[in-house]
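> What follows is a protein structure lacking sequence information:
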């Protein structure tokens, strides 16, 4: 697949990138590379690993330099010894081949959904942030990962399925309490670019399991094929080059006719959910989701439940204007939860 970040580098950066790539592929303990300034070298190494998530063993480096020399000695830091790396390589190749086999004949969109759903159904966020959770061997080998490892797993699977995909990265924001950089993916489906954040959707899926019933397995698509305007409602600006995503017409809920612009549609679909005992997850597109509009929607959802003698359980992803609801026969105090889609660091807050 296209080495996206490599293609956005200067000739000297590309030369350094190529030398590092070959050296770590060969599992060399040290090798010469063209000299770059400290931050520039870090960015080249970091972006090389975003282009090549299959290289899971090279996680850091040191270097030696000599005065007036055009080169430096690059000393990569590996997660495992060489024999263990080869063992893991073999296991990862077999694992990826097995995972993509059922999806090879699907359309691009179906392949994307297949990979997204695999992450949501099988990966748990690693709050301990073990070193391998930042690499593909966390999600694909151990079933755990942080956003970086999850985004790399998405890319390596979509690469293997022939779907264009890169890893997008934004900065932290201490003023907002955002301690860490966050990574997700940008995909190209039928020639159009979209944001895909499997980590955030995974968090929402796991939040739903608090209910401990048959609804636990529901997969969320709040961050599936969003445009720039949508994703940056609750994501920080990107710190590395990426294509603009401008298509607002094909995000998941609109494609599935679950993006409503009229309050009467919310009421009708809520009534159906109450009658059939189903979960309803929908996106509100009828203007900005203000507190006033939200109160009106909740009133309609409550009314639909009352007509069927049921109580509503509602959760809201406010930045993305997505509401999830189901009804219970037990007469409980109505529950409205503000969901916080995140990297898995936080729990829901009421």
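The structure has been received and is ready for your questions. The shown structure was predicted, so the numbers you read here are calculated from the model rather than taken from an experiment.
> ok, now which ones touch residue 45?
20, 61 (CB atoms under 8 Å, 6 or more residues apart in numbering). Every C-beta, even on glycine, is put in place using the N, C-alpha and C of the backbone.
> What separation do you get for it and residue 61?
In this view, residue 45 and residue 61 are 6 Å apart by CB to CB, to the nearest Å.
> Over to residue 180?
When residue 180 is compared with residue 61 (using CB to CB), they lie 21 Å apart.
> more crowded one of these two?
Using other CB atoms under 10 Å, the more surrounded residue of residue 180 and residue 61 is residue 61, with 18 against 14.
> Quick check: that one is in a strand.
Yes. With DSSP: H, G, I helix; E, B strand; the rest coil as the criterion, residue 61 is part of a strand.
> Apart from its neighbours in sequence, what residue is nearest it?
Among residues not flanking residue 61 along the chain, residue 76 sits closest, at 4.9 Å (CB to CB, 6 or more residues apart in numbering).
> What pairs with the strand or helix carrying the one you found, parallel or antiparallel?
Assigned by DSSP states H and E, residue 76 belongs to strand 71-78. Using DSSP bridges, the strands paired with strand 71-78 are strand 31-34 (antiparallel), strand 58-65 (antiparallel).
> So what touches whatever helix or strand comes next after it?
For strand 71-78, the following helix or strand on the C-terminal side (DSSP H and E) is helix 82-100. Contacts of helix 82-100 with the rest of the structure, by CB under 8 Å, 6+ apart, involve 27, 54, 56-57, 78-80, 118, 136-137, 140-141, 156-157, 160-161.
> Going by neighbour count, which residues in helix 82-100 are buried?
For helix 82-100, a neighbour-count test (16 or more other CB atoms under 10 Å) marks 85, 88, 89, 92, 95, 96, 99, 100 as buried.
> farthest-separated two in these?
Put simply, by CB to CB the two of the buried residues of helix 82-100 set farthest apart are 85 and 100, 22.2 Å from each other.
> ok, and the closest non-adjacent residue to residue 242?
Counting by CB to CB, 6+ apart, residue 168 is the residue found nearest to residue 242 once chain neighbours are left out, at 5.1 Å.
> Am I right that that neighbour is in a helix?
No. Counting by three-state DSSP, residue 168 is not part of a helix but strand.
> before we move on, back to that, contacts only, for the residue nearest to residue 61.
Contacts of residue 76 by CB under 8 Å, 6+ apart are 20, 23, 24, 28, 29, 30, 58, 60, 61.
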